[in-house]
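In: got a predicted model here, sequence first, then my questions.
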Amino acid sequence: MIIRPRRLRKNATIRNMVAETAVNPDSLVYPMFVVEGENVKEEIPSMPNQYRFSIDEILKELESCVAVGVKSILLFGIPSYKDEMATSAYDDDGIVQRAVRSIKAKFPDLYVITDVCLCEYMSHGHCGIVKDDGDVDNDPTLELLAKTALSHAEAGADMVAPSDMMDGRVAAIRAKLDENGYQNLPIMAYSAKFASAYYGPFRDAADSAPHFGDRKSYQMDVRNGREALHEVELDLEEGADIVMVKPGLAFLDVLRETAELSNVPVAVYNVSGEYSMVKAAAQQGWINEEAIIRENLIAFKRAGADIIITYHAKEALEKGLV
Ligand code: PBG
Ligand code: ZN
């Protein structure tokens with residue numbers, strides 16, 4: 001007898017009946033960029049249909065996001081000034097702090113996650129304090145990250161997401177939040193964050209490219225899967241509520257292994273370069289964009305992601321791709 005898997009593929013009804021994977025629309029997180037000024041809605045050249053918004057404009061944009069079912073955003077700030085201590089990152093009057101206050105006032109039910117890093121706020125563009133020899137100084141950086149996370153919490157953020165990859169930052173942020181009464185504010189750790197070329201368009205968008213050197217001393221070597229799991233374990237020990245793998249498509253193996261290892265929810269970040277490649281090919285008419293977006297989102301879910309952070313979130317909800 002011939003065994004025939006094809007019997008269950010004959011029509012859409014039976015295919016849908018036995019489909020193993022579905023993306024939960026509520027699991028999508030939409031990353032957004034907020035900038036100083038008014039009436040600013042500036043398209044990011046390398047990321048078609050993604051914008052830098054001033055606070056007044058992001059409030060308008062969020063109306064349409066909420067209307068199509070966006071439940072959560074991940075906020076990045078582009079500050080008015082940069083220095084060597086990233087002062088504008090933990091300024092109570094900083095761009096993210098003011099944006100969060102305005103957003104939560106107008107959309108109390110929108111779940112606002114803030115990216116906690118210093119690169120956008122440092123004059124040199126690195127994610128931590130840089131020593132005279134050019135090295136990033138891990139331990140003193142922790143205090144600045146903790147201060148930044150606390151200032152986001154005080155502004156009303158629902159969750160903080162440290163993306164710096166300094167050792168010990170989850171514990172440092174957890175301690176600072178707890179000391180100040182934010183025991184219930186979750187931390188989503190960018191745990192397995194690779195030193196990836198896929199962040200290129202983001203660095204244009206956030207103006208956060210390092211002015212010298214690269215991030216290879218703190219972000220992970222793309223060749224190392226086992227090391228990624230070690231980073232995940234450390235963040236779990238330090239009290240991460242959610243662990244993240246980033247980027248997504250080139251690291252689905254790491255995502256799968258993380259999902260198997262983790263006893264907390266797992267997020268994946270479908271990063272800027274992954275988005276830009278889809279958009280560029282679609283603009284050329286070389287791919288079926290909607291089918292590709294659907295397939296990519298399914299891939300993350302199938303590999304084990306509970307949460308998918310993606311620039312496609314709004315259009316995926318709008319067009320019913322999930
Ligand atoms: C900041 C940060 C980066 C991204 C998220 N947070 C850039 C980087 O580490 O260089 C990348 C996001 C993307 O490419 O979409 N540390
Ligand atoms: Zn950074």
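Out: The structure has been received and is ready for your questions. Residues are numbered from 1 along each chain as shown. Ligands and ions are numbered 1, 2, ... in the order given.

In: in three-state terms, label residue 115 for me.
Out: strand (DSSP: H, G, I helix; E, B strand; the rest coil).

In: what's across from it in the sheet?
Out: Applying DSSP bridges to residue 115 yields these beta-bridge partners: residue 161.

In: what's the distance between it and ligand 2?
Out: With distances taken as C-beta to the ion, to the nearest Å, residue 115 is found 8 Å from ligand 2. In this view, the C-beta of every residue, glycine as well, is placed from N, C-alpha and C.

In: in contact with that residue, which residues?
Out: The contact partners of residue 115, taken as C-beta atoms under 8 Å, 6 or more residues apart in numbering, are 31, 74, 75, 76, 161, 163.

In: and the third one, that's in a helix?
Out: No - going by three-state DSSP, the assignment for residue 75 is strand, not a helix.

In: just give the nearest non-adjacent residue to it, would you?
Out: residue 114 (5.1 Å; C-beta to C-beta, 6 or more residues apart in numbering).

In: these two touch, right, the one you found and residue 162?
Out: No - look at residue 114 against residue 162 with C-beta atoms under 8 Å: they stay out of range, at 9.7 Å.

In: residues in contact with the residue nearest to residue 75?
Out: Going by C-beta under 8 Å, 6+ apart, the list of residues near residue 114 reads 74, 75, 96, 100, 152, 157, 159, 160, 161.

In: tell me if the lowest-mean-pLDDT helix or strand in the chain is near ligand 2.
Out: For the chain, the helix or strand with the lowest mean confidence is helix 200-206, at a mean of 93 (criterion: mean pLDDT, DSSP states H and E). No - Helix 200-206 stays out of contact with ligand 2 when judged by C-beta under 5 Å from the ion, the minimum separation being 8.7 Å.

In: next, the buried residues of that helix.
Out: The neighbour-count check on helix 200-206 (16 or more other C-beta atoms under 10 Å) flags 201, 202, 203, 204, 205, 206 as buried.

In: nearest to residue 7 among these?
Out: The nearest member of the buried residues of helix 200-206 to residue 7, counting by C-beta to C-beta, is residue 201 at 44.6 Å.

In: what is the end-to-end distance of stretch 3-11?
Out: For stretch 3-11, the first-to-last residue distance is 18 Å (C-alpha to C-alpha, to the nearest Å).

In: buried ones in it?
Out: Under the neighbour-count criterion of 16+ other C-beta under 10 Å, stretch 3-11 has nothing buried.

In: before we move on, what about stretch 105-117?
Out: For stretch 105-117, the neighbour count (16+ other C-beta under 10 Å) marks 107, 110, 111, 112, 113, 114, 115, 116, 117 as buried.

In: can you pick out the most distant pair from those?
Out: By the measure C-beta to C-beta, the buried residues of stretch 105-117 have their two most distant members at 107 and 117, which lie 23.8 Å apart.

In: hang on, the earlier thing: what's the closest of the buried residues of helix 200-206 to residue 228?
Out: For those, the closest approach to residue 228 (C-beta to C-beta) belongs to residue 202, at 19.9 Å.
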